[in-house]
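Q: Structure of the sequence below:
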Amino acid sequence: MYHVTCQIDFCYGHRLLNYAGKCRYLHGHNGRAVISISAEALDERGMVLDFTDIKHEISGWIDENLDHRMVLNESDPIVPVLREMGEPMFVLPENPTAEIIARLIHQAATARGFPIDAVQLWETPRCYVTYESPRPPAARLGRLPEKK
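A: As a prediction, this is how the structure comes out:
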């Protein structure tokens, strides 16, 4: 089995609703998404996937949607204020926990045809979450699907 891992660093802010700790306040993180892909066979180039493709597609999505944005629950009372001010946000129907953001990145990568095994989201240098693909290993692809 071959494994490819790519790290993508980005900055984001959030806060958690219905939470008693410090994370109930607006705050930011220097996040790191660690994207893991595996395959039993290599493509004609001798690769699982090209790092450039992973960085371009997934890092591009993170840059456009999460980097330097507030990631907030749609029912957060600050959303209308920030929207009126024209501040960049990514709004979710649930609390923007590290677990939810890792799943979001996984879903975005999978929607772009990447056979993702797992996404780790490091919220701090010592704390991270992992969202793993629900697909069985035998169903994973060995290469990026052809673009249409």
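
Q: Distance-wise, check the nearest residue to Glu132 once chain neighbours are set aside relative to Ser133.
A: In space, Glu132 comes closest to Ala118 once its chain neighbours are excluded; the distance is 4.4 Å by Cβ to Cβ, 6 or more residues apart in numbering. In short, each C-beta sits where N, CA and C put it, glycine included. Ala118 sits 7 Å away from Ser133, going by Cβ to Cβ, to the nearest Å.

Q: Repeat that for Phe90.
A: For Phe90, the distance to Ser133 - Cβ to Cβ - is 22 Å.

Q: cool, and Cys127?
A: Per Cβ to Cβ, Cys127 is found 22 Å from Ser133.

Q: same check, this time on Ala39
A: Ala39 sits 13 Å away from Ser133, going by Cβ to Cβ.

Q: And Ile78, by the same measure?
A: With Cβ to Cβ as the criterion, Ile78 and Ser133 are 33 Å apart.

Q: which intervals of the protein have sub-threshold pLDDT?
A: The chain contains residues with pLDDT under 70 at 135-148.

Q: Need the overlap of contacts for Ala118 and Ser133.
A: Counting by Cβ atoms under 8 Å, 6 or more residues apart in numbering, the contacts common to Ala118 and Ser133 are His106.

Q: Where do the helices of the chain begin and end?
A: Secondary structure of the chain (DSSP state H): helices located at 51-54, 60-65, 78-85, 98-111.

Q: in the first one, what counts as buried?
A: What that stands for is helix 51-54. For helix 51-54, burial by neighbour count (16 or more other Cβ atoms under 10 Å) applies to Asp53, Ile54.

Q: Give me the contact list for it.
A: If you take Cβ under 8 Å, 6+ apart as the criterion, helix 51-54 is touched by Val4, Cys6, Ile35, Ile37, Phe114, Leu144.

Q: Closest to Ala20 out of those?
A: Ile35 (32.4 Å; Cβ to Cβ).

Q: Now Ala108. Nearest residue, chain neighbours left out?
A: With Cβ to Cβ, 6+ apart as the criterion, Ala108 has its nearest non-adjacent residue at 4.9 Å, and that residue is Trp61.

Q: picking that back up, in terms of neighbours, single out the busier of Ile78 and Ser133.
A: Taking neighbours as other Cβ atoms under 10 Å, Ile78 and Ser133 compare with Ser133 leading, 19 against 14.
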